[in-house]
Structures are given as C-alpha cells and as structure tokens.
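J.: For reference, the sequence and a predicted model appear below.
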Amino acid sequence: MSRILVTDLDGTLLGGTRDDRRRLRDALARHPEVTPVFATGRALASVREVLRDPLVPRPRWVIADVGATVADGTDLTPVDPVQEQLRTGWPGAERVRAALSRFPQLRYQDGIVQSGRCSYHLAPDRLTDELTAAVEDLGCTWEYSGDLFFDVLPPGASKGNALRALAGKLGWRPDEILVAGDSHNDLSLFRAGTHAVVVAGAEPALLAALTDHPLLRRPDRTGAAGIHAALRELGWLSPEPGPTRRGRPAGPAHPVPSPDAGPHSLVVAYHRPPLHWNGETWQPPSSPNGILPTLTSAFANGLPGVWVTALVGGEPGGAPRDNAYRGPYGTSCDDRPHPSGLPLSPVPVDGPTWTGYFHRACKETLWPVLMSEPGRSVLDERAWADYRTVNARFARHISTQAAPGATVWLHDYNLWLVPGLLRRLRPDLGTGIFHHTPFPAPEVFDALPVAAELRGSLACLDWAGFHTEDFAGHFRAALGGLPRPPRTGVHPLGVDRPAIERLAVDRLARLRTARREPAAGPVVLSVERLDYAKAPVQKVEAVDRLLARRPGLRGRLAFRLVCPPPEPGITAYDATRRLLEQRVEEVNRRWQHGTWQPVDYRPHSLSAAEVVDEYLTADVLWVTSFQDGMNLTAKEFVAARAALPQPDADQGVLVLSRHVGAAAELGTAALLTDPHSPEDLAAVLARALDLAPAERRARMERLAELLGRERPADWAAGVVDAIRSASAARHPATARLP
C-alpha cells in the first residue's frame with residue numbers, strides 16, 4: 001500500500017522549531033515507504049532554495065505555483081501532460097497584468113519567479129467583486145490567502161486539482177494520502193477526500209471551511225510537529241528508536257538493531273527465496289546452478305550473515321503470519337515452516353504490490369532496457385510506485401538486520417533503489433551489488449524515464465560487480481562524472497562442476513540401461529525460459545532456413561526447444577509465446593514427413609536430472625540470446641559432457657551467442673553466432689553440424705579447461721571481500737566489522 005504525504009511548506013512543513021523539523025525529517029528517513037510531496041505557493045526556483053536546508057526531506061514530487069506547476073522532485077522537471085492539463089486556458093502573464101493594471105490596489109510580486117500564474121500583494125479590504133469579476137473575464141481563477149497574497153491562476157489550476165491529476169497518473173487512492181496545510185490556499189487539497197491534518201496556528205478561514213471534514217485531524221502542535229503527530233496517529237510511523245545496548249540514544253537516522261533482529265556483519269538481499277511452495281511440497285530451483293543455489297551453498301559452507309528475501313502473500317497492506325512462508329509469486333504455503341535451514345529474514349509483500357513490483361516494473365519497465373530493447377519498455381506509474389515500496393521495505397528491513405559498519409550485498413536490478421535509501425537510513429554500511437543481468441550502454445539506460453532516480457541511488461554504492469568487463473564499462477559510463485564513483489569488479493559466476501559431473505555420470509548409466517533408441521539424425525538442443533531476449537522465434541526461423549538449404553537434413557534433424565513459460569502473472573512475454581507457437585506450427589507443417597517434424601517444442605520445465613539427460617543426448621547446444629548476463633546453461637553443458645568417458649564427450653558442440661557473458665570466457669572454443677543476423681544463425685548451426693570428430697574433441701577439451709573449477713561458494717566469498725575492500729577504501733574513517 002502506498003503512503004503519500006502531501007504537505008504545504010510555509011507554516012506547515014517549515015513551521016515549528018528546528019527540533020520539530022529534525023524529528024520529522026528523521027522519521028521520514030526511517031520510513032522511506034512514505035513518499036513526500038510538496039504542495040506550495042512557491043515557484044520551483046524558491047523550492048530549490050528550500051532544499052538546501054538539511055532539515056527538509058527530499059520530495060518525490062512538487063506541486064508549485066499554487067497548483068499551476070507539477071514537477072518531478074528528483075530533478076524539478078515538469079510532469080507532462082499533468083502540468084499541461086492544469087495550465088489549459090492560461091492567457092499568459094502579460095495579458096493578465098495588462099488587464100489588471102487598472103486596479104491600483106494590486107502590487108505585483110516582481111521579486112518572485114512565477115510560472116503559469118500571476119501573484120500580487122493585496123490588502124483584505126481591497127478584495128472587491130469588481131476585481132474578481134475581471135479575473136473571471138480573463139477565463140482565470142484566483143486564490144487569496146494569508147490576508148495578503150492574491151494569485152491569478154489558469155482556470156483548472158489549484159493545489160487540489162494538481163493533486164487529483166498526479167494521483168490519477170500514479171494510481172494513488174484517497175485513503176493512501178495525507179494532506180497537510182495551514183492556509184486558505186490549501187483548502188482545495190482538503191477537498192480531495194483524503195486523510196487531512198491542519199496544524200495548530202492555521203488561518204481561521206481555513207478552519208471555518210473545514211468544520212465538517214470527516215477525516216480531519218487537528219493536533220495541538222504547530223508545523224512539522226503537527227504533521228508528525230498526524231502520521232503517528234495514522235499508524236504510518238513506528239515508535240522511535242530507543243537507547244542502544246550501551247545505553248546511549250541511537251541517532252534517529254541510524255537505528256541500531258535489537259539483538260533478536262541481529263546484528264549481522266553481512267546482510268545479503270535477493271528478492272527470491274531459495275525454495276517455493278508448489279501447493280504440496282517445497283521445491284528447489286530446477287537448476288543446480290544460478291544465484292539461488294550459489295547463495296544456498298555459500299551459507300551452507302559457512303558464509304556468515306543473514307539472507308533478506310521477499311515473503312509474498314495476503315491482501316494489500318497485510319502480512320502473512322511469521323511462521324508462514326509463501327512462494328515468491330504468491331502461492332500460499334499456509335503455516336508450513338520453511339525447511340531450508342538457512343538464515344532467512346523475510347520482507348512481507350502483499351500480492352498486489354508484488355504484481356506491480358515484479359511482474360510490471362521489473363519485467364515490463366526495467367528488463368527490456370537491460371536486454372538493450374528500450375522500445376519494449378513501458379513505465380506504469382502505479383507499478384513504479386510498487387517498485388519503490390518494495391525497495392523501501394527491503395532497505396528498512398536491511399537496516400534493522402545490519403550491525404554497525406556491516407556489509408550489505410544486494411543482487412540485481414530488482415533492488416536498484418535500495419542503495420540510495422540505505423545511504424539515508426544507515427550511512428555507516430558498506431554496500432555492494434552484483435548484476436547477474438547485462439548492464440546496458442549508457443544511452444540505452446538513459447532511455448528509462450526513471451534513469452535519473454536510479455542513477456542517484458546507484459551512485460550511493462561502494463562497489464558494483466558484473467560478469468564481464470563490457471557490462472562493468474557500461475555501468476561506469478552510465479555513472480560518469482561522479483567525483484567518487486563506485487568501484488567495479490568483474491567476477492564471472494561458474495557452476496558447481498563436481499555436482500554436475502556426478503549427475504552426468506549417473507544419468508549416462510541410466511540412459512544406457514534404459515536402451516533409448518538413438519536419434520535418427522543430429523539433435524540440436526536449446527534449454528531456456530520463454531523470453532524474447534533468448535531469441536526463440538529466431539531459432540525456429542533459422543531451422544526453417546537451414547532445412548531449405550540442406551535437403552539431407554530433412555527427416556533427420558531434431559531441434560529440441562525446451563522453453564518453460566514464465567512465472568504466473570508475467571504478461572511481458574505473451575506476444576513472444578504466441579509468435580513462437582505460430583512459427584513452430586508453420587515450420588513443422590512445411591517440413592513434416594510422415595511422423596517426423598523438425599521442431600520438438602517442449603513448453604514446460606524439466607528437473608535438473610532431466611536437463612542433464614538432454615545435455616548428454618544432444619549433438620549441439622544452441623545458445624542464441626540477444627543479451628545475457630552469463631548463461632549458465634552453456635557452462636552446465638560443458639561440465640556434463642566433459643565428465644563423460646570417450647567417445648561420449650567428443651560429440652558435444654557449443655554454439656554461443658556473441659552477446660552472452662559466457663562468450664567472454666568460452667568464446668575461443670565455442671562457435672560464436674550473432675542472433676541479430678538470420679543468415680549467421682543458420683550458417684553457424686550448419687558449421688556445428690559439420691564439424692569433424694577431431695575438431696569437436698579439441699574444442700570440448702578446451703572448453704573444459706576454460707570452464708575452471710571455482711566453487712560458487714568461493715565466488716560468493718570473493719565478492720564479499722571485494723565489497724568490504726571497496727567500502728574500506730571509500731570510507732577509511734569508518735570502522736567496519738571483520
């Protein structure tokens with residue numbers, strides 16, 4: 001559930017003592033899920049000056065010029081078409097001033113920058129019907145406040161109308177909003193049907209107009225203290241931190257966790273838990289490799305710390321019970337305790353918020369840009385609000401788990417806003433992130449409407465890790481110009497080679513015992529989840545092209561495409577699925593001969609053992625991603641085939657996209673292909689099928705050598721060391737736990 005504080009500045013947020021303002025600022029820092037919005041009569045230039053005050057919280061959005069201006073709080077750029085809509089009908093300042101020049105009682109505020117309005121000083125007894133009629137003849141509206149300020153505005157402009165327009169764009173509900181004010185020009189805010197607070201000392205005219213407001217709070221505190229009281233009464237603020245174990249009060253912006261919640265010298269945060277509930281049993285990941293098995297192995301092998309992950313389920317704003325763990329995509333496991341034995345610390349996320357966060361913001365806004373396809377990116381403001389909410393919950397939870405000076409290791413783009421939030425909450429922490437995905441070129445990253453917000457957060461990192469130097473270079477370029485940019489490191493993730501080797505030898509014996517019929521011809525294998533970035537449609541079309549050119553492969557070639565669907569609720573790949581099914585049907589119909597069809601499409605998941613069976617029977621593993629952080633499938637294939645006795649090991653050929661991270665390590669021994677070229681896809685596949693046995697053997701031996709034998713748990717320990725070293729270098733004066 002979103003929580004939005006919309007507050008006037010003068011007399012409200014800026015009112016009260018400095019201690020009152022500091023207390024409110026620190027409370028908002030502890031609760032980053034509460035989004036501040038300024039609604040002020042000031043112009044943006046004046047708001048910019050206000051933000052120089054360290055006691056003023058940074059707003060996410062700004063309503064300025066008494067509602068004629070709406071700006072993004074990160075860079076104060078206009079929010080269109082909201083602002084354009086509010087200024088519809090504005091005749092322009094010159095025409096307004098000319099028409100009202102016949103009223104000598106009006107004194108124009110020359111020293112104030114104004115946009116989309118005209119502001120005058122006017123004594124109360126000089127506010128006449130003739131003056132207001134002249135304003136209405138211009139097609140404008142007006143506001144009078146403080147017994148001094150007379151503002152001429154576009155006909156649809158007011159603080160309240162600006163709030164309604166912004167809420168409509170971002171999907172805020174009235175019950176998610178608290179408005180705060182003290183003067184009559186705030187009245188339109190209070191008529192938006194939201195929670196409301198009028199701070200002590202407000203204008204009598206405002207109070208008189210709000211006698212029947214059903215959701216109004218009237219604390220006996222002025223300014224920031226009144227806002228703080230209303231937030232506490234609503235339950236939007238938790239109790240303030242108490243004394244530390246040493247008996248000294250903890251600084252409000254740096255809460256020290258209680259012993260039962262930590263503290264931990266290392267906090268690892270990843271949005272997925274290591275197991276999921278399928279309705280009957282707990283299920284591990286289908287692959288023995290990847291980040292979930294890697295983190296599981298690292299903690300099992302003595303990595304100290306805690307693993308912060310999402311706990312999904314329940315109604316909006318609700319949280320599952322403490323002894324219940326829910327699958328990462330909303331499947332309930334009721335009250336069954338989690339059996340992993342890992343030090344998990346869950347972050348509750350209700351189902352609708354998870355849908356907006358993961359299914360929409362992550363997969364529809366960020367994923368296309370990571371895959372260098374910004375044209376597919378769609379920003380839904382409501383979903384992006386959910387992304388902010390989940391990141392804020394992670395940041396707040398991490399801050400309670402981390403010991404003073406602890407190390408925080410974040411994973412992937414799903415938590416890109418956490419570094420900036422942690423810098424506000426716990427500047428004592430050393431924070432790093434590892435990207436398992438590609439990082440796009442800076443011009444692609446900048447295509448995101450939220451690029452500035454993300455860049456500001458990523459700049460708060462001490463260290464960022466990547467699979468390849470190319471991705472690290474893109475990150476450095478995207479954050480170019482910073483005086484102290486995060487350090488970067490290249491740490492390509494490997495596979496648990498001994499586990500794969502044992503499984504491969506065992507499965508080979510089972511396959512031989514089962515006496516499966518050998519394939520009539522070469523088998524080309526792809527194992528990948530359904531994703532346009534994996535180029536599944538392009539592969540089917542390349543097979544079509546190959547069969548047209550190589551009649552000898554008709555009736556013999558088998559292209560086995562294992563392509564399980566995404567998690568339920570993700571719709572970003574629906575168009576790809578429909579097109580893939582259409583092209584599979586067309587190609588199979590074109591080339592079908594008796595019972596033979598060239599494309600064996602399997603749209604379902606396989607177990608790890610079943611995947612290894614496919615590796616052992618394939619002649620070619622075909623990896624054609626347009627972009628991929630690493631692609632561990634390629635490494636699994638090499639580990640499985642290299643474990644076999646001769647001649648089984650000799651039969652496997654790896655065809656690898658030039659654009660996957662694994663190509664940086666295995667590219668000298670694999671056959672490289674460019675999925676952007678239909679001609680190259682078909683030609684390189686044909687070459688793989690034609691390789692002589694001696695070259696196959698030599699390439700596989702070289703692949704096995706390049707693969708190496710670093711354990712994933714050792715990889716994890718190396719990354720933690722890199723984060724700690726970078727943090728110590730950037731913050732040498734800060735003591736950190738070993």
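T.: Nice, I can see it. Numbers count the residues shown, from 1 in each chain.
J.: Could you say which helix or strand holds Ser526?
T.: With secondary structure defined by DSSP states H and E, Ser526 is part of strand 523-527.
J.: How about residues contacting that strand?
T.: Judged by Cβ atoms under 8 Å, 6 or more residues apart in numbering, the contacts made with strand 523-527 from elsewhere in the structure are 534, 536, 539, 543, 557-563, 606, 611, 614-615, 617-624, 633, 685, 689. Glycine gets a C-beta too; all of them are placed from N, C-alpha and C.
J.: Next: stretch 372-383.
T.: The set of residues that contact stretch 372-383 without belonging to it, under Cβ under 8 Å, 6+ apart, is 169-171, 356-357, 360-361, 364-366, 368-369, 438, 440-441, 444, 447-450, 532-533, 572, 626-627.
J.: cool, and stretch 669-687?
T.: Looking at what lies outside stretch 669-687 - Cβ under 8 Å, 6+ apart - the contacts are 524, 535, 538-539, 541-543, 545-546, 549-550, 620, 622, 624-626, 634, 653-659, 663, 688, 699-700, 702-703, 706.
J.: likewise stretch 189-196?
T.: Stretch 189-196 is contacted from outside by 6, 8, 39, 159-160, 163-164, 167, 174-175, 177-181, 198, 206, 209-210, 213, 215-217, 230, 234, using Cβ under 8 Å, 6+ apart.
J.: can you map out the strands along the stretch 201-350 of the chain?
T.: Using DSSP state E, counting those that start in this stretch, the strands assigned to the stretch 201-350 of the chain run over residues 216-217, 264-269, 276-277, 282-283, 306-312, 344-349.
J.: Tell me which of those strands sits most buried.
T.: Burial of the strands of the stretch 201-350 of the chain is given as mean neighbour count (mean count of other Cβ atoms under 10 Å); strand 306-312 ranks first at a mean of 25.
J.: Thought Ala452 was touching Asp75, still the case?
T.: Yes - in terms of Cβ atoms under 8 Å, Asp75 counts as a neighbour of Ala452; the distance is 5.4 Å.
J.: between the two, who's got more neighbours?
T.: Shown here are Asp75 and Ala452; by other Cβ atoms under 10 Å, Ala452 has more neighbours (14 against 9).
J.: List the contacts of that one.
T.: Thr74, Asp75.
J.: and it, what are its phi and psi?
T.: Per-residue torsions, Ala452: phi -60, psi -40 (degrees, to the nearest 10).
J.: With Val152 instead?
T.: Backbone phi and psi, for Val152 under degrees, to the nearest 10, turn out to be phi -100, psi 130.
J.: correct me, but it touches Arg97?
T.: No - with contacts defined as Cβ under 8 Å, Val152 does not count as touching Arg97, sitting 9.0 Å away.
J.: What residues sit buried inside stretch 64-75?
T.: Neighbour counts over stretch 64-75 (16 or more other Cβ atoms under 10 Å) mark Ala64, Asp65, Val66, Gly67, Ala68, Thr69, Val70, Ala71, Asp72, Gly73, Thr74 as buried.
J.: Output the residues you listed as TSV; include the columns secondary structure.
T.: Supplementary listing: the buried residues of stretch 64-75 in TSV, determined by DSSP: H, G, I helix; E, B strand; the rest coil:
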residue	secondary structure
Ala64	strand
Asp65	helix
Val66	helix
Gly67	helix
Ala68	coil
Thr69	strand
Val70	strand
Ala71	strand
Asp72	strand
Gly73	coil
Thr74	coil
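J.: May I see those organised as JSON lines, with pLDDT and distance to Arg730 added?
T.: Listed next are the buried residues of stretch 64-75 as JSON lines, based on pLDDT from 0 to 100; distance: Cβ to Cβ, whole Å:
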{"residue": "Ala64", "pLDDT": "93", "distance to Arg730": "36"}
{"residue": "Asp65", "pLDDT": "93", "distance to Arg730": "40"}
{"residue": "Val66", "pLDDT": "91", "distance to Arg730": "43"}
{"residue": "Gly67", "pLDDT": "93", "distance to Arg730": "43"}
{"residue": "Ala68", "pLDDT": "93", "distance to Arg730": "43"}
{"residue": "Thr69", "pLDDT": "95", "distance to Arg730": "38"}
{"residue": "Val70", "pLDDT": "95", "distance to Arg730": "37"}
{"residue": "Ala71", "pLDDT": "92", "distance to Arg730": "32"}
{"residue": "Asp72", "pLDDT": "87", "distance to Arg730": "29"}
{"residue": "Gly73", "pLDDT": "86", "distance to Arg730": "27"}
{"residue": "Thr74", "pLDDT": "74", "distance to Arg730": "23"}
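J.: Helices of the stretch 551-700 of the chain, start to end?
T.: Counting by DSSP state H, counting those that start in this stretch, the stretch 551-700 of the chain has helices at residues 574-591, 608-617, 632-642, 663-666, 678-690, 693-707.
J.: That should have said the stretch 401-550 of the chain, apologies.
T.: In order along the chain, the stretch 401-550 of the chain carries the following helices (DSSP H, counting those that start in this stretch): 418-425, 442-445, 451-458, 469-478, 497-514, 536-549.
J.: Quickly list what the closest residue to Phe434 other than its chain neighbours is bridged to.
T.: For Phe434, ignoring the flanking residues on the chain, the nearest one in space by Cβ to Cβ, 6 or more residues apart in numbering is Gly465 at 4.1 Å. For Gly465, the beta-bridge partners are Phe434, Gly489 (DSSP bridges).
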